[in-house]
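Chemist: Sequence first, predicted model second:
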Amino acid sequence: MQAPPKTRPAVIGLTGAIAAGKSSALGALERLGARTLSSDETVHELLTDPEVAAILHERWGEGAVPDGEVDRGRIGSIVFSDPAELAWLEGVLHPRVGERTKRWRSELPAGTELAVVEVPLLFEAGLESSFDATLVIAASDELRAERAGARGTGELAGREARQLGQAAKLERASFVVRNDGTPDELEAALGELWPLLREASSSDGR
């Protein structure tokens with residue numbers, strides 16, 4: 001019996017540990033032909049939204065939102081030193097990110113074969129079921145530390161305290177791509193995986 005035709009593109013959740021190369025992988029997938037969305041970029045856009053800025057100003061005052069402009073550095077120093085404040089901020093941002101992602105998915109152009117959403121805390125937020133499959137980008141701890149230092153991210157241990165370890169992410173992943181080499185090697189590996197990613201959607205939709 002012939003399989004029913006696909007009615008929508010495969011939608012893949014992309015994640016990985018800090019400095020593993022998630023953004024590089026997202027860019028490579030876009031070059032390969034995927035429609036892509038970065039949750040981090042969506043958050044950055046939301047922080048320029050006057051409504052969100054007003055909410056943050058009410059919570060943290062002028063020091064965090066001087067002249068109506070969100071000071072990301074100041075916000076970061078507040079939330080990463082206080083789990084309760086971080087949880088509050090996530091309560092403000094995550095539903096809005098979810099709505100924008102839902103709208104983006106609904107507006108994918110006809111003929112789209114593959115759509116990929118980068119979600120740094122995909123497993124931590126329990127979002128696996130929102131996607132047809134998950135793709136984890138992995139790299140050695142030494143290389144990730146080197147990359148993090150080069151871009152000024154700082155020590156990995158502190159920033160990863162609220163995340164699943166890389167090994168746990170790998171266990172949960174539908175697909176894994178190593179990123180221990182060059183950008184060209186990463187793109188080539190994703191190109192080889194493309195057919196499997198493309199076929200990940202179900203015909204009945206989600």
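Modeler: Received, thanks. Numbering: from 1, shown residues only.
Chemist: How is this structure partitioned into domains?
Modeler: According to automatic domain parsing, the chain comprises the domains 1-34+113-201, 40-110.
Chemist: most tightly surrounded among those domains?
Modeler: domain 1-34+113-201 (a mean of 17; mean count of other C-beta atoms under 10 Å). Every C-beta, even on glycine, is put in place using the N, C-alpha and C of the backbone.
Chemist: Distance from the chain centre to it, please.
Modeler: Computed by C-alpha atoms, centre = their mean, to the nearest Å, the chain-centroid distance of domain 1-34+113-201 equals 8 Å.
Chemist: Also stretch 31-40?
Modeler: With C-alpha atoms, centre = their mean, you get 10 Å for stretch 31-40.
Chemist: who's in contact with that stretch?
Modeler: With contacts defined as C-beta atoms under 8 Å, 6 or more residues apart in numbering, stretch 31-40 is touched by 9, 23, 26-27, 29-30, 97, 101, 104, 108-109, 112-120, 187, 190-191, 194.
Chemist: Check the gap between residue 97 and residue 82 for me.
Modeler: With distances taken as C-beta to C-beta, to the nearest Å, residue 97 is found 21 Å from residue 82.
Chemist: hmm, I was thinking of residue 107
Modeler: Relative to residue 82, residue 107 is positioned 37 Å away (C-beta to C-beta).
Chemist: what does residue 23 give?
Modeler: Looking at residue 23 against residue 82, where the rule is C-beta to C-beta, the gap reads 27 Å.
Chemist: residue ranges of the strands in the chain, please?
Modeler: 10-16, 35-38, 114-118, 133-138, 175-178 (DSSP state E).
Chemist: and residue 47, what does it touch?
Modeler: The neighbourhood of residue 47, defined by C-beta under 8 Å, 6+ apart, consists of 53, 70, 72, 75.
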